[in-house]
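Asks: Here is the input, now give the coordinates:
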Amino acid sequence: MSAQGSPTQWFLARDGQQFGPISETELAKFIELGHLQPHDLLWREGFPDWRPAQVVFPARGAGAPRPAAGHVPSRTQAAPENRRAARTARPAQSEDEAGAPRGGRGKQVAVLAVLLAGLAGAGWLLYPHRDRLAGIIGSISSFARSDAFSVADRKSLQAPPLAGLGQSPQATDAALQNTALWRVIKREFPDWYAQRLDEAASLARSGKDDAAIGQQMARRIVELRRQQAASALSATLPRLKMVATTFYDNLVKLRQLGTHACFGFISGGEANPVIVKMLQGSDQTAHLQAQLTAVFEAIADGRKQPRVYPQPRQTDYDMLASDLTKMGWTPADMQLFSNERALAQAQPEKVCQMVHDWFAAQLGLSDQEAQMRLLVESLRPVVAG
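Replies: Predicted coordinates:
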């Protein structure tokens, strides 16, 4: 209790993000479950400034394990005397929480950890409303989708961005500049781009074929995307919505091809061998390249003028949960989606369906402010994973 007799409210800061208010009961449960990190910062009324968790709770803080991503108290709001914007990704999942590999399922847990952990963190905020959600019926609201091909001209999107790489740097450059993705990358990261040309030529001289070189370039693109994730999430809302709609567009099309393609896209992104092959020339090249180009255009936009977006509110998750229930989600689905370990071990078809629904429901929200807050949070694992 505070000096005024009202319940004490805590605020927690982690990796630049702030969470709260949190009741004493919620914080006690949070600590009991081992989610408090020694370097978390805590604040409550009466504290002159933020204090390290290991100072406030020395017995708990020093040995607290790193929590699963997203396991942070809900109702995000900056502490009254310490308001400041924060845009960092959720904490990474530890090896203990990810679980030791168990045959083929262990690998599945590993490759899904980053994306599903970020999404499950938001699902955790939905699950407490399971009683109210049960029994609600209806149809999902229609969602507005932008034209995926507005990020670049169709011809440059259809040009395979991971093919024709085993040539001289000059010839490879000429080929890559026919593609939408590499045009943006060269414009924004000329030195990095030049290094990739030299690397591709070196791989070709060592006997690597075009498929292997394409796979390596895909890995490099993933590395660059992750490094620039904060800039991507600082882009204008239209740019972020383009990333979300092109991501969803690919989910739809890849599910039509089969679970293997969809699951490969979710679990491995552009570096998944199935996706790499499609980016080397297929009917899916344009759609996959549209998303990658949208991400790097968002990065370019965020680098010029970073923007800070507010954290989602609990009412935002309430609206989203309502629409997901209308799509057929049950309380068991809500619980599954809130647990990244369980979701990573779910059947690939189930994972594809749930990630598809998660973005469809957000793109269908009529409340534009709520949609903005939710999309920015959901795109974190997409651009940083």
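
Asks: count of neighbours near the nearest residue to residue 269 once chain neighbours are set aside?
Replies: Closest residue in space to residue 269, ignoring its immediate chain neighbours: residue 222 at 6.1 Å, by C-beta to C-beta, 6 or more residues apart in numbering. In short, each C-beta sits where N, CA and C put it, glycine included. Residues near residue 222, counting by other C-beta atoms under 10 Å, number 16.

Asks: would you say residue 222 is within a helix?
Replies: Yes - according to DSSP: H, G, I helix; E, B strand; the rest coil, residue 222 belongs to a helix.

Asks: How about the contacts made by it?
Replies: By C-beta atoms under 8 Å, 6 or more residues apart in numbering, the contact list for residue 222 reads 269-271.

Asks: Closest to residue 160 out of these?
Replies: Using C-beta to C-beta, residue 270 comes nearest to residue 160 of the contacts of residue 222, at 12.6 Å.

Asks: Pretty sure that closest one sits against residue 277.
Replies: No - using C-beta atoms under 8 Å, residue 270 makes no contact with residue 277, being 11.3 Å away.

Asks: Comparing those two, which residue is more hemmed in?
Replies: residue 270 (23 against 16).

Asks: Do you have the helices of the stretch 101-250 of the chain handy? List them.
Replies: Secondary structure of the stretch 101-250 of the chain (DSSP state H, counting those that start in this stretch): helices located at 104-126, 130-133, 154-158, 169-176, 180-188, 190-205, 210-227, 229-232, 237-257.

Asks: Throw those helices into CSV and include distance to residue 326 and mean pLDDT, thanks.
Replies: Shown next, in CSV, are the helices of the stretch 101-250 of the chain (distance: least, C-beta to C-beta, whole Å; pLDDT from 0 to 100):
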stretch, distance to residue 326, mean pLDDT
helix 104-126, 14, 55
helix 130-133, 10, 40
helix 154-158, 34, 88
helix 169-176, 44, 94
helix 180-188, 36, 96
helix 190-205, 45, 96
helix 210-227, 33, 95
helix 229-232, 30, 94
helix 237-257, 17, 92
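
Asks: Turn these into a markdown table, including distance to residue 265.
Replies: What follows is the helices of the stretch 101-250 of the chain, written out as a markdown table (distance: least, C-beta to C-beta, whole Å):
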| stretch | distance to residue 265 |
| --- | --- |
| helix 104-126 | 10 |
| helix 130-133 | 29 |
| helix 154-158 | 17 |
| helix 169-176 | 22 |
| helix 180-188 | 16 |
| helix 190-205 | 23 |
| helix 210-227 | 12 |
| helix 229-232 | 18 |
| helix 237-257 | 5 |
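
Asks: Relative to residue 11, tell me which of those helices wins on proximity.
Replies: Proximity to residue 11, assessed across these by C-beta to C-beta, is greatest for helix 104-126 (16.9 Å).

Asks: And the helices in the stretch 251-385 of the chain?
Replies: Under DSSP H, counting those that start in this stretch, the stretch 251-385 of the chain gives helices at 259-268, 273-279, 285-304, 314-326, 331-337, 340-344, 348-363, 368-384.

Asks: In the fifth one, which residues are buried?
Replies: Read it as helix 331-337. Using 16 or more other C-beta atoms under 10 Å as the burial criterion, the residues of helix 331-337 that qualify are 331, 333-334, 336-337.

Asks: Among these, find me the one that's closest to residue 188.
Replies: Distances from residue 188 to these, taken by C-beta to C-beta, are shortest for residue 337, at 34.5 Å.

Asks: Surely the closest one touches residue 357?
Replies: No - look at residue 337 against residue 357 with C-beta under 8 Å: they stay out of range, at 9.1 Å.

Asks: so can I have JSON lines of the buried residues of helix 331-337 showing pLDDT and distance to residue 259?
Replies: Shown next, in JSON lines, are the buried residues of helix 331-337 (pLDDT from 0 to 100; distance: C-beta to C-beta, whole Å):
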{"residue": "331", "pLDDT": "90", "distance to residue 259": "25"}
{"residue": "333", "pLDDT": "91", "distance to residue 259": "18"}
{"residue": "334", "pLDDT": "88", "distance to residue 259": "22"}
{"residue": "336", "pLDDT": "89", "distance to residue 259": "17"}
{"residue": "337", "pLDDT": "87", "distance to residue 259": "18"}
